[in-house]
Structure formats: structure tokens, C-alpha cells
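Peer 1: need a structure here:
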Amino acid sequence: MSMRVTSWEPMRDFVTLREAMDRFMNEGIAPAANGNGKGVEIRPAVDAYENEDEVVLEVSLPGVAPEDVEVTFDKDSLTVAGTIPARDAEKSWVLRERGRGEFKRRFALQTPIDVDKVDARFEAGILTLRLPKSEAVKPRKIEVKAV
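Peer 2: Numbering: from 1, shown residues only. Predicted coordinates:
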């Protein structure tokens, strides 16, 4: 005997994964990240790489103006802070995933940096920080002399 299922309806005694995720986003992270004051930290996405001469950080900051970003370097710590502007409150938002409000990211650097030569550029919503390594830590070729 075979059974034919014409429609599927989840059991009401159990919460579906989608319902659980919707509840989490509505009551947990999303509202706080969007500035309702629940204390969830806004953490812009960052990519970083290193080569012989420098450490490079690329910070994703869509919608942020360069004047709303502050970059500081203290000892071995780089800090990127600023404000992501609020959205239009007049709109009836259906989905809000991008956080709004103040953000701060701190990076502990293991490599000594030549702070006077740091370059910060903002283009297409990406803040690129080029942190030149100190000459003292750069690899050097040592000449081998014949005796």
C-alpha cells in the first residue's frame, strides 16, 4: 500500500528551522545591529594579506563616507572606527541585514609597522589600509663573499 502526499505542513509542535532563524534575526542580531540599542557589536567585514613589504587590510564599509571613518595606530594596535549612517525611517523595511550605527575594529599586529608611511584609501565602499613593514623586520639578502 502506498501513500500519496498532496501537501506538506510542518507539525505545529515543532519549530521549523526557518521559523527559528526568522525569530533569531527578528529578536536577536538584526534589530540590534540596526541600531535598536540591544548592544550587538557591528563588525564590518575585513580581508587582510601580507607580503614582504607590507600588511594590507581591506575593510568593507558600504554607504560610509570617508570623513565618518577614523583610523588610529597605537603601539602594535590598529583601530578602525566610525559610523554607518541610519537608514530612512520612513520606509517600511521588509529585510534589514546591514548594521547601522557606530563600529570599532581593533587589530593587534605582530609585525612592526612604519607608521609614518601608512596609506589609507577609500574607494567603492572599501577602505584599503597599506601598512608598510618596518625596515628592521624586512628580509634582507646577505652577500656571501669568497675568501
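
Peer 1: Can you give me the domain boundaries for the chain?
Peer 2: 12-41, 43-88+97-136 (automatic domain parsing).

Peer 1: Can you lay out these as a markdown table showing mean pLDDT, mean neighbour count and distance to residue 147?
Peer 2: Where C-beta positions appear, they are placed from N, C-alpha and C, glycine not excepted. Compiled in a markdown table, these are given as follows (pLDDT from 0 to 100; neighbours: other CB atoms under 10 Å; distance: least, CB to CB, whole Å):
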| stretch | mean pLDDT | mean neighbour count | distance to residue 147 |
| --- | --- | --- | --- |
| domain 12-41 | 54 | 12 | 61 |
| domain 43-88+97-136 | 91 | 14 | 29 |
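
Peer 1: As CSV, the ones you listed with distance to residue 144 would be great.
Peer 2: As requested, these are exported to CSV (distance: least, CB to CB, whole Å):
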stretch, distance to residue 144
domain 12-41, 52
domain 43-88+97-136, 20
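
Peer 1: all strands in this structure, in order from the N-terminus.
Peer 2: 46-50, 54-60, 69-74, 77-84, 101-108, 119-123, 126-132 (DSSP state E).

Peer 1: Need these in CSV (columns: distance to residue 142).
Peer 2: Formatted as CSV, these follow (distance: least, CB to CB, whole Å):
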stretch, distance to residue 142
strand 46-50, 22
strand 54-60, 22
strand 69-74, 31
strand 77-84, 31
strand 101-108, 30
strand 119-123, 29
strand 126-132, 22
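
Peer 1: Isn't residue 54 up against residue 128?
Peer 2: No. With contact defined as CB atoms under 8 Å, residue 54 does not reach residue 128; the gap is 11.1 Å.

Peer 1: Let me see the contact set for residue 130.
Peer 2: Residue 130 makes contact with 54, 56, 118, 119, 120, 121, according to CB atoms under 8 Å, 6 or more residues apart in numbering.
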